[in-house]
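Undergrad: 3D model of this:
(chains A, B, C and D)
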Number of protein chains: 4
Amino acid sequence: MSKIKENDTIILYDKAKEKKRLINLAVTKGRLSIETGYIELNSLIGMEYGSIVKTQMEYEYIVLPINLVDFIMKKLNRLTQIVYPKDAAYILLKLDVKPGDTVIESGVGSGAMSCVFAQYVGKEGRVISYEIREEFIKNATSNITKMGFGDRITIKHRDIALGFDEKDVDSLFLDVREPWLYIKQAYDALKIGSMLGILVPTTNQIEETLKELNLFSFIDIEVSELLLRKYKPVPGRLRPQDRMGAHTAFMIFARKI
Amino acid sequence: MSKIKENDTIILYDKAKEKKRLINLAVTKGRLSIETGYIELNSLIGMEYGSIVKTQMEYEYIVLPINLVDFIMKKLNRLTQIVYPKDAAYILLKLDVKPGDTVIESGVGSGAMSCVFAQYVGKEGRVISYEIREEFIKNATSNITKMGFGDRITIKHRDIALGFDEKDVDSLFLDVREPWLYIKQAYDALKIGSMLGILVPTTNQIEETLKELNLFSFIDIEVSELLLRKYKPVPGRLRPQDRMGAHTAFMIFARKI
Amino acid sequence: MSKIKENDTIILYDKAKEKKRLINLAVTKGRLSIETGYIELNSLIGMEYGSIVKTQMEYEYIVLPINLVDFIMKKLNRLTQIVYPKDAAYILLKLDVKPGDTVIESGVGSGAMSCVFAQYVGKEGRVISYEIREEFIKNATSNITKMGFGDRITIKHRDIALGFDEKDVDSLFLDVREPWLYIKQAYDALKIGSMLGILVPTTNQIEETLKELNLFSFIDIEVSELLLRKYKPVPGRLRPQDRMGAHTAFMIFARKI
Amino acid sequence: MSKIKENDTIILYDKAKEKKRLINLAVTKGRLSIETGYIELNSLIGMEYGSIVKTQMEYEYIVLPINLVDFIMKKLNRLTQIVYPKDAAYILLKLDVKPGDTVIESGVGSGAMSCVFAQYVGKEGRVISYEIREEFIKNATSNITKMGFGDRITIKHRDIALGFDEKDVDSLFLDVREPWLYIKQAYDALKIGSMLGILVPTTNQIEETLKELNLFSFIDIEVSELLLRKYKPVPGRLRPQDRMGAHTAFMIFARKI
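TA: The predicted model follows:
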């Protein structure tokens, strides 16, 4: 079992109500007051994950470690459309991100994709995120800090029309309104054989992007979308849920040669 | 840029024919004879990826680094149905696999999922794969070696009805015919707060698995499937491809408390 | 152009607000009071569809003919889950319904599928609908009357376990909780070469139904589902809508020999 | 039961091999020679559908009535992409086609959609199909004749840029490469309150069509696509088929006011 450390983000799981509460111990300190009483957060440090903690009113919570998907879907503060886990995971694998890699992304958005990249490049890896809107940088920084990835991600307040500082990066991801304006810059930053990933919501953006990609030495161009369908987990009455997301975004991939 | 090392698996990319040939330098040594002539493989060691090599007939190839998705889809030798990249990526993220983690899977199948786990747990992580069929172990070992993940993956020739040796593992993945028979064993091996993932092709298997999951302390039970739709990347005539995979497998997730 | 007749169901289309109001002239008589004033409904009889009518306050409406899909989606009073147009249309075609046919269905539900069958069997055709719950009969009758199909549809208040009165019917449709209990009855009622259609929401129901179908002389067994994805009709920003129905029902088809 | 008539198209169903053979009695006359012997086709006239007929070698077939979906999917001679049953059915219902209606379509293609319209407008209805390519007219006429719909469908060899002869038609369907060039002509032919349907394979065509539709008085504009997923009908191992159609066409609907 692993122990709770000083700056962890933890989940207090209320088993009776089947509800989760996320607490970032680096940010929230001292006494935590909640509807069922209070908990001295210092007392949690060094405990095993999975332990039960009680408020002074004897109300019980299980302390669970944070999980990246939970964080993205439930706790990340959104100023923008986020990259959803189904897409984020596929992008991660298609871009062949590995522990130790250097990955560039732009823009930072709300930081969801940044956190996914950061988790997988690991402590030795680097995520460099270019963003021009200051309010997004501020919000993303806050989200990234809550997940504990502050030391793996560098946000640069810069217009990517001017190009990326880094060369020979392991992969590059564009999630901007007009990605076709930055294909040259992306091409220049990537090392040979590495992957470019692009996310766009409309078919018009796919069009413009494909036209520009065709002007550079890219192979393995793929345009795809993922549909996630969930089922009601009820034995004896198994059936898909009534509604589902019909569209998050289209993904475009290309490999520089 | 990174250099080609002695035991790398490389791609020889034929730009004229837009075709890839994968070569595992740890396995194929000396002179490589192909339809366009021959290449002395020793001469590649130390070259930069992205370089052009020529056969003695002056036919040109670009040397590219191997990419995990390419390997799984095109070069892995299949004795079994494999876990497809769209599903493998989502499982990876839902199981919250991180560099340094210890992950259990069963069975090893053809080793596709093993390689995905291995790439993301990194050099400090461990993948322990339980498999009872010797011919699968032999084939998967060969595939894993080609990807260079032999030192991160341990295959155990064992019936998982007897339980897993490891305790407090970071995540566990079952891809077996009757996963409901091993829920207790999986529960016992997982640490509190960690994720169980299960892959099954039929709705009947979902039924049986859900019934058994309900007997243990799991939360966040999710049953889902992913549909990947690709588009023809032709500007001016953008449309989905005519055919797509309609089904690979259903995925079941649960979190131990 | 066709003229408005005494018992038509009409649409008053408010062009300014892009809103429709359905009026059944067989039911609503005399002066219609609405938020924009009143209209004497008698004055509409004999007018051309497409004409503009005004309230005494000079507020304008276009009078449009009713459309079956509009009626089902917007005006039908629902006591039950309905058969959605995407499924209803496919069932209609798969059952090879033709003008003049005799079609059996059970149950009547809210009458949506009954109206679809009635529209296509035409004035010479017959729809016979078996239903055991009186409140459904009452509600469906009201819906059917509003669409003007009362003379084509006969509702029988009967338990179909006792069998259907009709023999050699052109097609038969089951939308009941346990269709596998009535396969023999359905088989007996169908003529050779004709189609049976079944609608069920869960995979468990598919299972039971298939087992029973296999005991009778049916060919061409098909199990399918239809996913309808709509797009935002905005040139320049074309993209699918954010959400969609993930599941209405599974459809099962079989042909008696 | 219904009897086999002189010009019917019938199915000879080989129960042993589970195979269908379609015979158009209006076209094929006299002795039918097949691999299992021969059958005198005259002897079938007046028989009940569902009867068993034997070759002189005593090989048995069941005589079944033709079914429109079977005909479209298996026997229609295709010179063009056809409108698939899933789409054809939805178009039929969305266009609110009724027995007795007059429907215009262009082009005739291979006649699949023409046959669907013809079946549902019935004997009192009319389908008028505009087509400029003579080889399509010839092939579609042959297909339409095989289905017995020759007397309900009129094919006009005409460029629709010149407009449609008919006014106040009940619905109109465009399946041409550049539908946006004919929106005015379609608008002029439709009666007020009736539906226009358009089929296009690419997103670029949706774009152009939407721009043009916005110039006319249409309401209820809908852009949609239907995905049909079939299941392997095997109790105990229920699962979707491995592959499916990913795309046939996008459908656009609009209502004239």
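
Undergrad: Leaving out sequence neighbours, find the closest residue to A:Val116.
TA: Excluding the flanking residues, the one nearest A:Val116 by Cβ to Cβ, 6 or more residues apart in numbering or on different chains is A:Ala88, at 4.5 Å. All C-beta spots, glycine's among them, are computed from the backbone N, C-alpha and C.

Undergrad: so how many other residues sit close to the one you found?
TA: 25 (other Cβ atoms under 10 Å in any protein chain shown).

Undergrad: That one reaches A:Ala112, doesn't it?
TA: Yes. Using Cβ atoms under 8 Å, A:Ala88 is in contact with A:Ala112, at 6.7 Å.

Undergrad: Common neighbours of those two, please.
TA: The contact sets of A:Ala88 and A:Ala112 overlap at A:Ile72 (Cβ atoms under 8 Å, 6 or more residues apart in numbering or on different chains).

Undergrad: Which pLDDT value does the model give A:Glu134?
TA: Here the pLDDT value assigned to A:Glu134 is 97.

Undergrad: which ones are touching it?
TA: A:His157.

Undergrad: how near is the residue in the stretch 51-200 of chain A positioned nearest to chain C to C:Gln241?
TA: Nearest residue of the stretch 51-200 of chain A to chain C, counting by Cβ to the nearest Cβ: A:Val200, 9.0 Å away. To C:Gln241, A:Val200 is 16 Å away according to Cβ to Cβ, to the nearest Å.

Undergrad: between those two, who's got more neighbours?
TA: A:Val200 (24 against 15).

Undergrad: so who does the more buried one touch?
TA: A:Val200 neighbours (Cβ under 8 Å, 6+ apart): A:Pro179, A:Ile206, A:Thr209, A:Ala249, A:Phe250, A:Ile252.

Undergrad: Need those residues in a markdown table (columns: pLDDT and secondary structure).
TA: Formatted as a markdown table, these follow (pLDDT from 0 to 100; DSSP: H, G, I helix; E, B strand; the rest coil):
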| residue | pLDDT | secondary structure |
| --- | --- | --- |
| A:Pro179 | 98 | helix |
| A:Ile206 | 98 | helix |
| A:Thr209 | 98 | helix |
| A:Ala249 | 98 | coil |
| A:Phe250 | 98 | strand |
| A:Ile252 | 98 | strand |
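
Undergrad: burial count for the residue in the stretch 1-150 of chain A that chain B sits nearest to?
TA: Residue of the stretch 1-150 of chain A nearest chain B, by Cβ to the nearest Cβ: A:Gly50 (2.8 Å). Here the number of neighbours of A:Gly50 (other Cβ under 10 Å) works out to 19.

Undergrad: mind checking the SS state of it?
TA: Of the three states, A:Gly50 takes coil under DSSP: H, G, I helix; E, B strand; the rest coil.

Undergrad: Please state the backbone phi and psi of it?
TA: Here is the backbone geometry of A:Gly50 (degrees, to the nearest 10): phi 100, psi -10.

Undergrad: Over to A:Ile192?
TA: The phi/psi pair for A:Ile192 (degrees, to the nearest 10) is phi -60, psi 130.

Undergrad: who's in contact with A:Cys115?
TA: Taking Cβ under 8 Å, 6+ apart as the test, what A:Cys115 contacts is A:Leu68, A:Phe71, A:Ile72, A:Leu76, A:Asn143, A:Ile144, A:Met147, A:Phe149.

Undergrad: Tell me, please, the helix or strand in chain A that averages the lowest pLDDT.
TA: strand A:19-24 (a mean of 89; mean pLDDT, DSSP states H and E).

Undergrad: ok, that strand: who's next to it in the sheet?
TA: Under the criterion DSSP bridges, strand A:19-24 sits next to strand A:9-14 (antiparallel) in its sheet.

Undergrad: Name the surrounding residues that touch the strand it pairs with.
TA: Residues outside strand A:9-14 that contact it (Cβ under 8 Å, 6+ apart): A:4, A:19-26, A:36, A:39, A:44, A:49, A:53, A:61-67, A:70-71, A:146-148, B:193, B:219, B:257.

Undergrad: Which strand or helix spans A:Lys138?
TA: helix A:134-146 (DSSP states H and E).

Undergrad: show me where pLDDT drops low in chain A?
TA: Within chain A, the segments meeting pLDDT under 70 span A:1.

Undergrad: who in it is up against chain C?
TA: A:201-204, A:229-230, A:236-247 (Cβ under 8 Å from any Cβ of the partner chain).

Undergrad: ok, the longest strand seen in chain A near chain D or not?
TA: Longest strand in chain A by number of residues (criterion: DSSP state E): strand A:218-232. No. Strand A:218-232 lies apart from chain D when judged by Cβ under 8 Å from any Cβ; the minimum separation is 9.0 Å.

Undergrad: tell me the strands in the stretch 151-257 of chain A, going along the chain?
TA: A:153-157, A:169-174, A:190-200, A:218-232, A:239-240, A:243-245, A:250-256 (DSSP state E, counting those that start in this stretch).

Undergrad: Mind listing what's buried along the second one?
TA: The neighbour-count check on strand A:169-174 (16 or more other Cβ atoms under 10 Å in any protein chain shown) flags A:Val169, A:Asp170, A:Ser171, A:Leu172, A:Phe173, A:Leu174 as buried.

Undergrad: Tell me which two of those sit farthest apart.
TA: Across these, no pair lies farther apart than A:Asp170 and A:Leu174, at 15.2 Å, counting by Cβ to Cβ.

Undergrad: Tell me, how many residues neighbour the residue nearest to A:Arg158 when sequence neighbours are not counted?
TA: Counting by Cβ to Cβ, 6+ apart, A:Arg158 lies nearest to A:Tyr130, which is 5.2 Å off, once chain neighbours are set aside. Counted by other Cβ under 10 Å, the residues lying close to A:Tyr130 total 24.

Undergrad: Then A:Leu238?
TA: Neighbours around A:Leu238, by other Cβ under 10 Å: 24.

Undergrad: so who does the nearest residue to it once chain neighbours are set aside touch?
TA: Of all residues not flanking A:Leu238 in the chain, C:Thr203 sits nearest, at 4.7 Å (Cβ to Cβ, 6+ apart). C:Thr203 is in contact with A:Leu238, A:Arg239, B:Thr203, B:Glu207, C:Phe250, D:Leu238, counting by Cβ under 8 Å, 6+ apart.
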